[in-house]
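>>> sequence unavailable; structure follows:
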């Protein structure tokens, strides 16, 4: 009789226990809940920003001829590529030193770090912009004529873009996600579209150089306003503190981070730049549309990472490795499953989505599918992007990114001439997988933590069942 009465309850108990484990991961965790509350704001800002940026690029592609849109994309990719090293690594170092000094209430060093980061970024970015302009001037005979003026405008954009990158990481370090991302992700695309509309209303044709001027002016407006807002929001204790500079220490940490961030940007921009070198601007335009669409697969990863990075650094600094592993595993679920859904949508509906840019852009569907798989591997490895750099292993992080960047350049050189934009997509996807799997393996070896969705599923299976779920299953008739 007991066997008969226990029969129906067994599956009910199993379901209740499974639900309890899932609820524990997605709702009840303390550290994870804190990160997710911050990520919710970042998700809204980055979601709105990603939508606005994507819409702005769709509108530009519609308003401009494909060739002119490709010229704009190619030149702006150079500006983004050079803006990150122009920060001399102090932008990424902000994610390490600002939370560290703030947790110790070391206001004198925190005030000094903020000032030094601003001064170094301003000087380095201006130097890189001037050097790039001089190189174009000297090599005019070896550069396609339609790229010369756009590249000059791109190099002029390096200082404001470098400051924007610094301000994003500074605000992230202080735990101000709204101030970090809203100017770049919300204000910038709105100003870009509004400025291009004014160009069209004036009767001018929205060419690549004209749109680059609009983008430059927008950056010059946003960067100083964001910097002023960060300074105004700093506690009075920081603004009034007598600075204690440790430039040598900061530089030692920032240099590997500079290499890591530089190689990261190389990985994200090499494909577009090398397509511009080997193929026509129209091919640049089509590939760029595919790449921007594929990025949505990693969207949640970027939002969660933006908020979790300071928390990861703090947990590791306090040697709370069990809490660190729990946070990483919980976040893996929040990252991977939305990525899988986005990947399926991109594969099934990609051709139709790309026609938003114009009827000829559907030619990028194959490239889109290839890129999607690279982003899915990235999502599957979890929060590996900043983990090593924020835990004192920035040199290893830089080495993996360097190898990935070199692999990317080699594969692009070999595959683009033969397979066109599909070859560029394959090179980028393979390099992305190599980079993320490499960091994942190093994270397991050096830190003893596993960021992957595979480990997160294993932990979920063996997780203790919350008491509420146990009571529910036992009380079930």
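Perfect, I can see it now. None of these values were measured; they are calculated from a predicted model.
>>> quick one: residues contacting residue 117.
By Cβ atoms under 8 Å, 6 or more residues apart in numbering, residue 117 lies in contact with 87, 90, 91, 93, 94, 166, 170. Just so you know, the C-beta spots here come from the backbone N, C-alpha and C atoms, and that holds for glycine as well.
>>> for the first one, give me its contacts.
Looking back up the chat, that one is residue 87. 117, 120, 121, 124, 125, 162, 165, 166, 258, 261.
>>> so the closest residue to residue 281 other than its chain neighbours is in which element?
Counting by Cβ to Cβ, 6 or more residues apart in numbering, residue 281 lies nearest to residue 70, which is 3.1 Å off, once chain neighbours are set aside. Per DSSP states H and E, residue 70 falls inside helix 66-83.
>>> before we move on, back to that, switch the contacts of residue 87 over to CSV; also include distance to residue 379 and pLDDT.
Output for the contacts of residue 87, formatted as CSV (distance: Cβ to Cβ, whole Å; pLDDT from 0 to 100):
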residue, distance to residue 379, pLDDT
117, 31, 92
120, 34, 91
121, 31, 93
124, 33, 92
125, 32, 94
162, 28, 94
165, 23, 91
166, 27, 93
258, 26, 78
261, 20, 69
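>>> among those residues, name the ones in helices.
117, 120, 121, 124, 125, 162, 165, 166, 258, 261 (DSSP state H).
>>> what about the third one, neighbour count?
Translated: residue 121. When neighbours are defined as other Cβ atoms under 10 Å, residue 121 has 24 of them.
>>> again, but for the fourth one
Here the count is done by other Cβ under 10 Å, and residue 124 has 20 residues near it.
>>> surely it is in contact with residue 83?
No. Using Cβ atoms under 8 Å as the test, residue 124 is too far from residue 83 to be in contact (10.3 Å).
>>> need the overlap of contacts for those two.
residue 162.
>>> where do the helices sit along the stretch 251-400 of the chain?
281-294, 299-317, 321-354, 365-380, 387-390, 394-419 (DSSP state H, counting those that start in this stretch).
>>> need those helices in a markdown table (columns: mean neighbour count, mean pLDDT and distance to residue 273).
Listed next are the helices of the stretch 251-400 of the chain as a markdown table, based on neighbours: other Cβ atoms under 10 Å; pLDDT from 0 to 100; distance: least, Cβ to Cβ, whole Å:
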| stretch | mean neighbour count | mean pLDDT | distance to residue 273 |
| --- | --- | --- | --- |
| helix 281-294 | 26 | 95 | 9 |
| helix 299-317 | 22 | 76 | 22 |
| helix 321-354 | 19 | 89 | 21 |
| helix 365-380 | 23 | 94 | 16 |
| helix 387-390 | 26 | 74 | 24 |
| helix 394-419 | 19 | 89 | 9 |
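>>> which residue is nearest the middle of the protein?
What sits nearest the mean C-alpha location of the chain, by Cα atoms, centre = their mean, is residue 302, with 5.0 Å.
>>> for the closest residue to that residue other than its chain neighbours, give me the pLDDT.
Leaving out its chain neighbours, the residue that sits closest to residue 302 by Cβ to Cβ, 6+ apart is residue 46, at 6.6 Å. The model reports residue 46 with a pLDDT of 72.
>>> does residue 46 touch residue 180 like I think?
No. Using Cβ under 8 Å, residue 46 is not in contact with residue 180, being 9.9 Å away.
>>> low-confidence stretches in this structure?
1-43, 260-261, 306, 389, 462-477 (pLDDT under 70).
>>> at 50 instead, please
Scanning the chain for pLDDT under 50 picks out 1-28, 30, 467-474, 476-477.
>>> list the contacts for the residue nearest to residue 281?
Residue 70 sits next to 208, 276, 280, 281, 282, 283, 284, 285, 288 when contact means Cβ under 8 Å, 6+ apart.
>>> residues in contact with the fourth one?
Applying Cβ under 8 Å, 6+ apart, we find residue 281 in contact with 66, 67, 68, 69, 70, 71, 74, 146.
>>> follow-up on the earlier one: next SSE downstream of the helix holding residue 70?
Past helix 66-83, the next helix or strand by DSSP H and E is helix 90-103.
>>> and the angle for that next one with helix 299-317?
With axes from the mean of the first three to the mean of the last three Cα atoms, to 10 degrees defining the directions, helix 90-103 sits at 50 degrees from helix 299-317.
>>> circling back: buried stuff in the helix holding residue 70?
Residues 66-83 are the ones in helix 66-83 that count as buried (16 or more other Cβ atoms under 10 Å).
>>> now it and helix 90-103, what's the angle there?
Inter-element angle recorded for helix 66-83 and helix 90-103: 50 degrees (by the same axes, to 10 degrees).
>>> among the contacts of residue 70, list the two that are farthest apart in space.
In terms of Cβ to Cβ, the contacts of residue 70 reach their longest pairwise distance at 208 and 283, which sit 14.8 Å apart.
>>> looking at the contacts of residue 70, spot the one nearest residue 131.
residue 276 (20.1 Å).
>>> which residues touch that closest one?
Counted by Cβ under 8 Å, 6+ apart, residue 276 has contacts 70, 74, 77, 147, 284.
>>> which two of these have the greatest separation?
Most distant of the contacts of residue 276, by Cβ to Cβ, are 77 and 147, 11.5 Å apart.
>>> residue 168 sits in which helix or strand?
Counting by DSSP H and E, the element that carries residue 168 is helix 158-174.
>>> report all helices and strands that the very next helix or strand once past that helix contacts.
Once the chain leaves helix 158-174, the next helix or strand it forms, by DSSP H and E, is helix 177-182. Packing partners of helix 177-182 (3 or more Cβ pairs under 8 Å, 6 or more residues apart in numbering; DSSP states H and E): helix 30-63, helix 158-174, helix 208-233, helix 299-317.
>>> can you give me the buried ones in helix 177-182?
177, 179, 180, 181, 182.
>>> how much space is there between residue 331 and residue 84?
Between residue 331 and residue 84 the computed distance is 25 Å (Cβ to Cβ, to the nearest Å).
>>> repeat for residue 326
Taking Cβ to Cβ, one finds residue 326 at 32 Å from residue 84.
>>> again, but for residue 299
To residue 84, residue 299 is 20 Å away according to Cβ to Cβ.
>>> likewise for residue 315?
With Cβ to Cβ as the criterion, residue 315 and residue 84 are 26 Å apart.
>>> what of residue 152?
Separation of residue 152 from residue 84 (Cβ to Cβ): 20 Å.
>>> who's more crowded, those two?
residue 84 (26 against 18).
>>> need phi/psi at that one.
Phi and psi for residue 84, reported as degrees, to the nearest 10, are phi -70, psi -50.
>>> just residue 279 next, same as before
phi -120, psi -170.
>>> what separation do you get for it and residue 286?
Applying Cβ to Cβ to residue 279 and residue 286 gives a distance of 10 Å.
>>> one more: residue 186?
Note on residue 186: its distance to residue 286, by Cβ to Cβ, is 27 Å.
>>> do the same with residue 173
In this structure, residue 173 and residue 286 are 38 Å apart, going by Cβ to Cβ.
>>> repeat that for residue 230.
38 Å.
>>> okay, now residue 113: neighbour count?
Neighbours of residue 113 (other Cβ under 10 Å): 28.
>>> tell me who's in contact with it.
The neighbours of residue 113, taking Cβ under 8 Å, 6+ apart as the test, are 94, 97, 98, 101, 246, 250.
>>> how does it look with 7 Å?
For residue 113, the contact set (Cβ atoms under 7 Å, 6 or more residues apart in numbering) comprises 97, 98, 101, 250.
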